[in-house]
Each structure stands twice: as structure tokens, then as C-alpha cells.
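**Q** Give me the fold of what follows.
(one chain, ligands or ions: 1)
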Amino acid sequence: YDMSGKIIETENVTVSFDGFKAINNLNFSMDVGELRVVIGPNGAGKTTFLDVITGKVQPTQGRVLFKGRNLRRLSEHQIALLGIGRKFQTPRVYLNLTVRENLQIACNRQKNVFSALFGRPSSAERNTVKGLLETIGLTIKADLAAALLSHGEKQRLEIGMLVAQSPDLLLVDEPVAGLTDEETENIGNLLLALAESHSILVIEHDMEFVRQIARKVTVLHEGSVLYEGSIEEVQNEPRVIEVYLGE
Ligand code: ADP
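**A** Residues are numbered from 1 along each chain as shown. Prediction:
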């Protein structure tokens, strides 16, 4: 696809639940290779926005385009296979398996779990897992059960598992909720490193964290884009301050 183009676009997208518009005529686009943060007060439509990109909910009106392709009527599974990976708020790692085994499984989504774990990994796969362990900073914990990781380390492992599936677009939902300052900074550095080679869309509340990672911020309000700009512009925009204070 066109590397200078848009990775994701929504055109006049509306999502109604019994007549209530959780997303209201939303026009959004992100360039290939961009790291974008989406913020907005509770109920702004952030979760529904991710749901409509991943095919969990269908737009009532409008279109969603991924790399220029209309996602209309595709299932969540089909959309994931096209190259959209979503990280949910709570980590979904296999607690009884080691960090390395979790990554091996993620590299082998199409195989069954047993062959992923007990089959002889190719040297390419071993290298991939080694590289992922370094990227997520868990090389020294590779042979520990995931249950023994801190909450922040589990978040990093899950991001590594997502990256193992080579998505073109990473959707990351509130990755630092409940993390310590140090873990928050680690996640920020990881996302910045991944942004060198991925398009990433992050939903986040923690403004300190947004300041660490964001180049461009989109503010959602009542299901539409209220404002877009740098973090400095966003923090000085009277309309943004108003909707947050009105919460
Ligand atoms: P955010 O993630 O920004 O807090 P959401 O996308 O979760 O916002 O929700 C936006 C609005 O849509 C909220 O008012 C919420 O109550 C409503 N909403 C979300 N999902 C549903 C649903 N399945 N049925 C009815 N209303 C919903």
C-alpha cells in the first residue's frame, strides 16, 4: 500500500445505540507511521471509536478505511488478519507460561498451542522472540512464569505479543492505568521505540504520559473530534478545558 497515505480513516462515521449517537459524524485520519493519542472526557466515545475500527461494532452511517480499504461488513477476525492489532486495558497473557513461551505462542497464532510450545522453533522464530524480548526489556525475565511479572511488565509482554503478529496498526487502550511512574515511563519508551516502525493509536487519560509520548493529540467529545493539535495547543485550547471542567 501507499506508504505516504493514510493508515486509518473514518468518514462521517456515526454509531447509534437505540438512537443515542456514541460516535457522531466522526471524521478522523492518521498517516502511515504516525503515533497518535486520542483523549476525551468519560463518555466521549473513545472505546466505541476503537470498537468501530476493529469491527466489534458496525457503523450506523459512514465508512471506515484501513490502508484505503473499506472495512464494511468485515468481522473482527478478518480485520485483525488485515493487520489491526488491539491491546485491551487489562493484560491477557498466559500466566502459567513463561515470558518466552507467551511470545512463541503469539508468533504462531495460526498453529495450535501445543505445536507452538513443543515444536522445534525455527532459527528465524528464535531470533524474532529474542528481538521481541529485547524490545520489551524482558530478556532477563524470559524464563519466568508471566504470573511473576509486575503489572507493568505484563503490559509490556502483551504489547510484545501484539507486535509478534506484525500488525500495521497498533491500537492501545489506556496502557498505563494503575501503573507506577517508573512503569509508566517504561511503557512510554516502548511505544516510542515501536513508533519507529509502526502506526500506533493510543487512548489515554494520564496527561503526564500523553506529554511523554504524544506528537499529535485528538480530543474527542460527544462522539466527534473537538480539537486536534500538539499537546501544548490542546492544553491551551479553551474549548478543551471547558469540556474537561464540565465533567
Ligand atoms: P469513552 O470510552 O470515551 O468513555 P464510550 O465509547 O465507552 O466512551 O461511550 C460513549 C457513550 O456511548 C457513553 O455515553 C456510553 O454510555 C454509550 N455507549 C457505549 N456503548 C454502548 C452500548 N453498547 N449501548 C448503549 N450505549 C452505549
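
**Q** Which positions in the helix or strand containing Leu117 come out as buried?
**A** Using DSSP states H and E, Leu117 sits in helix 113-118. Neighbour counts using 16 or more other CB atoms under 10 Å place 116-117 of helix 113-118 among the buried residues. Quick note: C-beta positions are derived from backbone N, CA and C, even for glycine.

**Q** next one: that helix to chain centre, how far?
**A** 27 Å (CA atoms, centre = their mean, to the nearest Å).

**Q** And for stretch 15-30?
**A** 19 Å.

**Q** Show the average pLDDT along the helix holding Leu117.
**A** Mean per-residue pLDDT for helix 113-118: 71.

**Q** Now it - C-alpha only, PDB.
**A** Only the C-alpha atoms of helix 113-118 are listed here, as PDB (Å, rounded to 0.1, in the frame of the first residue of the first chain):
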ATOM      1  CA  VAL A 113      -0.800 -24.000  21.300                       C
ATOM      2  CA  PHE A 114       1.000 -27.400  21.600                       C
ATOM      3  CA  SER A 115       3.000 -27.200  18.500                       C
ATOM      4  CA  ALA A 116       3.800 -23.600  19.300                       C
ATOM      5  CA  LEU A 117       5.200 -24.700  22.700                       C
ATOM      6  CA  PHE A 118       6.700 -28.100  22.000                       C
END
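
**Q** Numbering from 833 from now on, please.
**A** Understood, numbering begins at 833; the last thing we discussed is helix 945-950.

**Q** So what touches it?
**A** 929, 933, 936-937, 939-940 (CB atoms under 8 Å, 6 or more residues apart in numbering).

**Q** 7 Å - rerun?
**A** 933, 936-937, 940 (CB atoms under 7 Å, 6 or more residues apart in numbering).

**Q** Thanks again, I'm all set now.
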